[in-house]
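Q: Generate a structure from the sequence data that follows.
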Amino acid sequence: MAKRKPIHALELGGTLFVPASHKNLDAILSGRKYPELRSVVIDFEDGLTSTDQPKALSNLGKPLDKLQESKLLRFIRPRSPQMLKTLLRHKSINRLDGFILPKFGLYNAGEYLTLIDGHSFMPSIEGEELFDTQKLQQLRDLLLPHQERIICIRFGAQDMLRQLRLRQAGSIYDMLAPAQVIGNLIATFKSHGFEVSAPVFPDFSDTEGFQKEISYELHNGFISKTIIHPGQIEPLNVLYRVTEQELQEAKALLSQQDGVVNLEGKMGETNTQSPWAKQILERYKLFNVV
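A: Residues are numbered from 1 along each chain as shown. Next up is the predicted model:
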């Protein structure tokens, strides 16, 4: 497969996590099973028990060998740096679009970054660094030299809750301590040019709550979202469309070099709001307009 251009986080849309042992893995990876899905992760970590992993690892060869170029972005989440090392030796591994590095922390960052050289990846921060601003900044600084290959920063919301001895009910942003931790993480990384992916909404029966959470995340600068059920694919794709008003305001902001634009009675400063406007145009290209 030809080497592709760098992946923008917006291209991920909703990222569906699928256990590596899934019976329909071939159909999912080919795009036949969920044609509207934009990105998928073959999961060797939380989606598998420890006893299932060796069989799933040995069974991965055929699906990898059959992968063809597709609009669907496909990633693997190995269980550890040791498993990543094994996967990188597979003859068809470059057919994938990259990797998620689980439990990425100060204790294993060096090993992960040495192994992953040349591949696109997404670090997933799940440990004590989430609660320590200084350690989080150290992780960010370790990642800065690799920024071109980092699609986005991910974090483990359920791991965070475990460490806080909490259980999610409704939106995680309505919980005091988790919301503060997440706000600190997004400020630490987005201020240095990284994109940050939004976490799982675990109640896949609550469509209204899922939609409200996505709207909140877009307003607060998250790009892409982990999804755990195929029923979440289409609602996310719809909500990632831009409104006609957003589109026209973005075009107006980018139509002149500097100064202030009248946006239907609101002030639009070109210098400060152009990053938002560029992202609106990218969303429009990928997801269209409402």
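Q: roughly how far apart are residue 83 and residue 40?
A: 18 Å (C-beta to C-beta, to the nearest Å). (C-beta placed from N, C-alpha, C; glycine too.)
Q: Counting neighbours, go ahead and name the busier of those two.
A: Set residue 83 next to residue 40 and count neighbours by other C-beta atoms under 10 Å: residue 40 wins out with 24 against 17.
Q: which outside residues touch the helix or strand hosting that one?
A: Assigned by DSSP states H and E, residue 40 belongs to strand 39-43. In this structure, residues lying in contact with strand 39-43 by C-beta atoms under 8 Å, 6 or more residues apart in numbering are 11-20, 25, 28-29, 60, 72-77, 97, 100, 224.
Q: repeat for stretch 54-73
A: Applying C-beta under 8 Å, 6+ apart, the contact partners of stretch 54-73 are 1-2, 7, 11-12, 19-21, 25-26, 29-31, 37-40, 42, 44, 48, 74, 83, 86-87, 90-93, 95-97.
Q: let's see it at 6 Å
A: Residues from elsewhere that reach stretch 54-73 (C-beta atoms under 6 Å, 6 or more residues apart in numbering): 1, 20, 21, 25, 26, 29, 31, 39, 48, 92, 95, 97.
Q: Could you look up the SS state of the residue nearest to the third one when sequence neighbours are not counted?
A: Spatial nearest neighbour of residue 21, chain neighbours left out: residue 56 (4.4 Å); criterion: C-beta to C-beta, 6 or more residues apart in numbering. On the three-state scheme (DSSP: H, G, I helix; E, B strand; the rest coil), residue 56 is labelled helix.
Q: Mind picking the two most distant members of the contacts of stretch 54-73?
A: 1 and 48 (26.3 Å; C-beta to C-beta).
Q: ok, these two, which is more surrounded?
A: Neighbours per residue (other C-beta under 10 Å) separate residue 1 from residue 48, with residue 48 holding more: 19 against 12.
Q: Am I right that the more buried one sits in a helix?
A: No - counting by three-state DSSP, residue 48 is not part of a helix but coil.
Q: OK, contacts around residue 283?
A: By C-beta under 6 Å, 6+ apart, the contact set of residue 283 is 240, 242.
Q: Inside helices: which ones of the contacts of stretch 54-73?
A: Among these, the members falling in helices (DSSP state H) are 25, 26, 29.
Q: out of the residues you listed, which are buried?
A: Buried members of the ones in helices among the contacts of stretch 54-73, scored by 16 or more other C-beta atoms under 10 Å, are 25, 29.
Q: now the ones in helices among the contacts of stretch 54-73 in a markdown table, with pLDDT and distance to residue 153?
A: Below are the ones in helices among the contacts of stretch 54-73 laid out as a markdown table (pLDDT from 0 to 100; distance: C-beta to C-beta, whole Å):
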| residue | pLDDT | distance to residue 153 |
| --- | --- | --- |
| 25 | 91 | 27 |
| 26 | 91 | 30 |
| 29 | 94 | 25 |
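Q: Pull out the CA atoms of the host helix or strand of residue 140 and give them to me as PDB.
A: Element membership for residue 140, per DSSP H and E: helix 133-143. Extracted in PDB, the C-alpha atoms of helix 133-143 (Å, rounded to 0.1, in the frame of the first residue of the first chain):
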ATOM      1  CA  THR A 133       0.300  18.700  36.000                       C
ATOM      2  CA  GLN A 134       4.100  18.600  36.100                       C
ATOM      3  CA  LYS A 135       4.200  15.000  35.000                       C
ATOM      4  CA  LEU A 136       1.600  15.700  32.300                       C
ATOM      5  CA  GLN A 137       3.800  18.500  31.000                       C
ATOM      6  CA  GLN A 138       6.800  16.200  31.000                       C
ATOM      7  CA  LEU A 139       4.900  13.700  28.800                       C
ATOM      8  CA  ARG A 140       3.900  16.500  26.500                       C
ATOM      9  CA  ASP A 141       7.500  17.700  26.100                       C
ATOM     10  CA  LEU A 142       8.600  14.100  25.400                       C
ATOM     11  CA  LEU A 143       6.000  13.900  22.600                       C
END
